[in-house]
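In: Quick check, what structure comes out for this input:
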Amino acid sequence: MNTPKIVLSPEEHAELSRRVRSATISQRDGRRARVILLAAQGCTRVEIARLTGFSLPVITCWCQRFQAQRLDSLLDKPGRGRKPFLPLEAVRRVLEQVTQPRIGEPRWSCRSMARAAGISATSVHKLWAANDLKPHLTRTFKLSNDPHFEEKFWEVIGLYLDPPDKALVLCCDEKSQVQALERTQP
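Out: As a prediction, the model looks like this:
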């Protein structure tokens, strides 16, 4: 069988090799890159089919697409698969209200936001993930409600700034990696 004539630039070869070796890229994209690399090495369509598991027409298709559009051709064309259906009003409401919890509530949960927006909790979760929204995390420092907090605060700062002679000042956070919830006190 004939060999597809493909000549790669050094940048294209490096990118295709990276895709083939990548552990995070989809297997489909890695196999497509491998087809092009094998064709560039001079393998016949039959050899490429045996090594990659693709049929001859598929190999021909990917080689022709690569010759026409280069690296961009290996990506799926947009518009494939089921179209997401979410009312734009619901999406807007979710993205606007996520930072404004209801009165009496410390924050939104996926379920409560879903009920308020009229969409599924899964859709809310996907919207939050796509926009890197994490309403359960507090992004500010929490101050204690203790009336003597300020004088205790300055005592501790004073220990760090001017420790007593032969004293060792250590700091130990109770749970440094755990973020307190809104309704709790530090």
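In: Now for Ser112, how many residues are close by?
Out: Residue crowding around Ser112 was assessed by other Cβ atoms under 10 Å; the count is 15. The way it works is simple: take the backbone N, C-alpha and C, and place the C-beta from them, glycine included.
In: Which strands or helices does the one helix or strand it maps to pack on?
Out: Assigned by DSSP states H and E, Ser112 falls within helix 110-117. Packed against helix 110-117, as judged by 3 or more Cβ pairs under 8 Å, 6 or more residues apart in numbering; DSSP states H and E, are the following elements: helix 88-97, helix 121-130.
In: Can you check the pLDDT for Ala14?
Out: With respect to pLDDT, Ala14 scores 91.
In: packing partners for the host helix or strand of it?
Out: Ala14 is part of helix 10-21, with elements assigned from DSSP H and E. In terms of contacts (3+ Cβ pairs under 8 Å, 6+ apart), helix 10-21 is packed against helix 27-40.
In: got a list of what Ile25 touches?
Out: By Cβ atoms under 8 Å, 6 or more residues apart in numbering, Ile25 lies in contact with Arg19.
In: and it, how far is that from Leu74?
Out: From Ile25 across to Leu74, the span is 11 Å (Cβ to Cβ, to the nearest Å).
In: Quick check: neighbours shared by those two?
Out: Arg19.
In: per-residue confidence at Pro135?
Out: Pro135 is given a pLDDT of 81.
In: And Thr140, by the same measure?
Out: If you check Thr140, the pLDDT there is 62.
In: Please apply the same query to the one 3 residues further on.
Out: The predicted local confidence for Leu143 comes out at a pLDDT of 68.
In: domain assignment for the protein?
Out: 10-74, 83-166 (automatic domain parsing).
In: what's the most buried one of these?
Out: Greatest average neighbour count among the domains of the chain goes to domain 10-74 (a mean of 16), per mean count of other Cβ atoms under 10 Å.
In: now the end-to-end length of that domain.
Out: Distance between the two ends of domain 10-74: 17 Å, counting by Cα to Cα, to the nearest Å.
In: Might you list the low-confidence residue ranges for the protein?
Out: 1-4, 138-143, 172-186 (pLDDT under 70).
In: Let's see that with 80 instead.
Out: Scanning the chain with the threshold set as pLDDT under 80 gives 1-5, 72-73, 75-85, 99, 101-102, 104-106, 136-145, 167-186.
In: Thank you kindly, that will do.
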